[in-house]
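**Student:** Structure for the following, please:
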Amino acid sequence: MNIGQAAAASGVTAKMIRHYESVCLLPPAGRSESGYRQFDERDLHTLRFIRRSRDLGFSIDEIRGLLELWRDRQRPSRQVKALVQVHLDDIDRKIEELRGMKQALSHLVQCCHGDDRPDCPILDGLAGEPPAVAGKLESDR
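**Tutor:** Below is the predicted model of the structure:
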């Protein structure tokens, strides 16, 4: 099948298929007599593996490692688990960072009246100035 058919069958765009080939996640495709890439079922299976791995947030390097482990039927599963655990720990760290961002932004939004006055605790907070307390804002009216 050609690259368009492989893209449709795998859910990976033709552009990304070329990219995965260029970064050696996907072996170089065979070529037709006219020079077009040709893909088989094994390539589709690999493309689906890559797509699912990307959907789960794995980096190109992590996917490379997962593909090596996937292809090595003699590998112990602890190697796979260790690689995925590192990724999971990274996701947990990112979630905590996002929670911190959400808390800081929620506080800034609560400090802002969102009215016609020009003073804005959100912008002050982003500039590194402590947001004004609600009582002070009320007395400024």
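
**Student:** make it CA atoms for all contacts and neighbour counts henceforth
**Tutor:** Fine.

**Student:** And the helices in the protein?
**Tutor:** Along the chain, counting by DSSP state H, helices occupy 3-10, 14-22, 41-55, 60-71, 77-111, 121-126, 134-139.

**Student:** Redo these as CSV? Include mean neighbour count.
**Tutor:** Below are these laid out as CSV (neighbours: other C-alpha atoms under 10 Å):
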stretch, mean neighbour count
helix 3-10, 18
helix 14-22, 15
helix 41-55, 16
helix 60-71, 16
helix 77-111, 13
helix 121-126, 17
helix 134-139, 10
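
**Student:** Show me the one of those helices that comes nearest residue 35.
**Tutor:** helix 3-10 (11.7 Å; C-alpha to C-alpha).

**Student:** can you pull the contacts of residue 51?
**Tutor:** 10, 11, 12 (C-alpha atoms under 8 Å, 6 or more residues apart in numbering).

**Student:** can I assume residue 7 is in contact with residue 1?
**Tutor:** No. Contact between residue 7 and residue 1 fails when scored by C-alpha atoms under 8 Å: they sit 9.8 Å apart.

**Student:** Just name the closest of the contacts of residue 51 to residue 119, please.
**Tutor:** Distances from residue 119 to those, taken by C-alpha to C-alpha, are shortest for residue 12, at 48.4 Å.

**Student:** for that closest one, phi and psi?
**Tutor:** phi -110, psi 130 (degrees, to the nearest 10).

**Student:** Okay, now the unreliable bits of this structure?
**Tutor:** 130-141 (pLDDT under 70).
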